[in-house]
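**Q** curious how this folds, go ahead:
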Amino acid sequence: MVFSRLQGRRRGLSGVERKPAFCRARSPARYNPGVRRAAVKLLAGMWLLLCMATSGVWLLETLYSAPLPYRVWGPWSLWIRYDWKGKISLLIYHDLPAPVIGPQMDPGNKYNPGVLAWYYRQPPDIYRSTWGFDCEDHPNFEINANRNMFLRGSKRTLRMPYWAAGVMWLPFGVPLFRWWKRRRRIRQGFCVVCGYNLLATPERCPECGTVAPKPPGNHGA
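**A** The predicted structure follows:
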């Protein structure tokens, strides 16, 4: 009785048995292979630029011991400086529209209670670190000719360990390995798709039907 009621519910008013949602045929995924291929190439190109930029900063730190400042845009500037052993360091400076002038320091640029009270009212230092990656935010203080301590802006320090800079290049090893594997199969006379031996049928693979490319060095034959 219970089974017949369930069958009636599944058939519905039309009398045609309806299948559960997970058993119904789904329409094929609609996407453009060309768009997907272009998106993958775009992401790969952006990742390659990031790897090259990281390696460039690493090289500049190794070659030059003095800081290298670069004015990027408006109040933003970049400094490349080696300040931590085993890590790539990048300093990002942001200048305020007008510096915040503090009280005057004692002779010899010594702190006094007024300067210390003004200093502790400014934004504090923030330190963040995980898995060897560091991110530090500091207020950028300077002292002018009148011994006034002033806040020029903010400074952010980003550090990346050397091992992370090397790991960034690992994704490019997959296509290089595939290219080497394809060239190796061509030289040995195997199909580049399925690896079938093409000694008997060097023009086309009898297993998958792929046209066999010519070995390197035999294009003019």
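**Q** Pro99 belongs to a strand, doesn't it?
**A** Yes. Applying DSSP: H, G, I helix; E, B strand; the rest coil, one finds Pro99 inside a strand.
**Q** against Met149, how distant is it?
**A** 10 Å (C-beta to C-beta, to the nearest Å). (C-beta placed from N, C-alpha, C; glycine too.)
**Q** so what sits against both of those two?
**A** Common contact partners of Pro99 and Met149 (C-beta atoms under 8 Å, 6 or more residues apart in numbering): Glu142.
**Q** the more surrounded of these two?
**A** The residue with more neighbours, out of Pro99 and Met149, is Met149; 21 against 16, by other C-beta atoms under 10 Å.
**Q** helix or strand for that one, which one?
**A** strand 148-161 (DSSP states H and E).
**Q** given that strand, what are its sheet partners and their directions?
**A** According to DSSP bridges, strand 148-161 forms sheet pairs with strand 87-104 (antiparallel), strand 133-143 (antiparallel).
**Q** center of the protein, which residue is that?
**A** By C-alpha atoms, centre = their mean, the chain has its centre lying nearest to Trp47, at 5.7 Å.
**Q** just checking, that residue touches Pro171?
**A** Yes. Using C-beta atoms under 8 Å, Trp47 is in contact with Pro171, at 6.9 Å.
**Q** scan this structure for its longest helix.
**A** For the chain, the helix with the greatest residue count under DSSP state H is helix 33-63.
**Q** that helix: which residues count as buried?
**A** Under the neighbour-count criterion of 16 or more other C-beta atoms under 10 Å, helix 33-63 has Cys51, Thr54, Val57, Trp58, Glu61 buried.
**Q** one step back: now do the strand holding Met149 and helix 33-63, the angle between them.
**A** Interaxial angle, strand 148-161 versus helix 33-63 (axes from the mean of the first three to the mean of the last three C-alpha atoms, to 10 degrees): 120 degrees.
**Q** can you give me how far strand 148-161 is from the chain middle?
**A** Chain-centre distance of strand 148-161: 24 Å, with C-alpha atoms, centre = their mean, to the nearest Å.
**Q** for that strand, buried residues please.
**A** For strand 148-161, burial by neighbour count (16+ other C-beta under 10 Å) applies to Met149, Phe150, Leu151, Gly153, Ser154, Lys155, Thr157, Arg159, Met160, Pro161.
**Q** and the gap between the closest residue to the third one other than its chain neighbours and Asp137?
**A** Read it as Leu151. Nearest non-adjacent residue to Leu151, counting by C-beta to C-beta, 6 or more residues apart in numbering: Val100, 4.1 Å away. Applying C-beta to C-beta, the value for Val100 to Asp137 is 17 Å.
**Q** one more: Gln104?
**A** Distance of Gln104 to Asp137, given as C-beta to C-beta: 27 Å.
**Q** cool, Val174 as well?
**A** Taking C-beta to C-beta as the measure, Val174 falls 37 Å from Asp137.
**Q** which one's more surrounded, these two?
**A** Legend: neighbour count by other C-beta under 10 Å for Val174 and Asp137, higher for Asp137 (15 against 9).
**Q** how is the chain divided into domains?
**A** 48-165, 169-221 (automatic domain parsing).
**Q** circling back to that earlier point, of all the strands paired with strand 148-161, which one is nearest Arg185?
**A** Closest to Arg185 of the strands paired with strand 148-161 is strand 87-104 (C-beta to C-beta; 38.9 Å).
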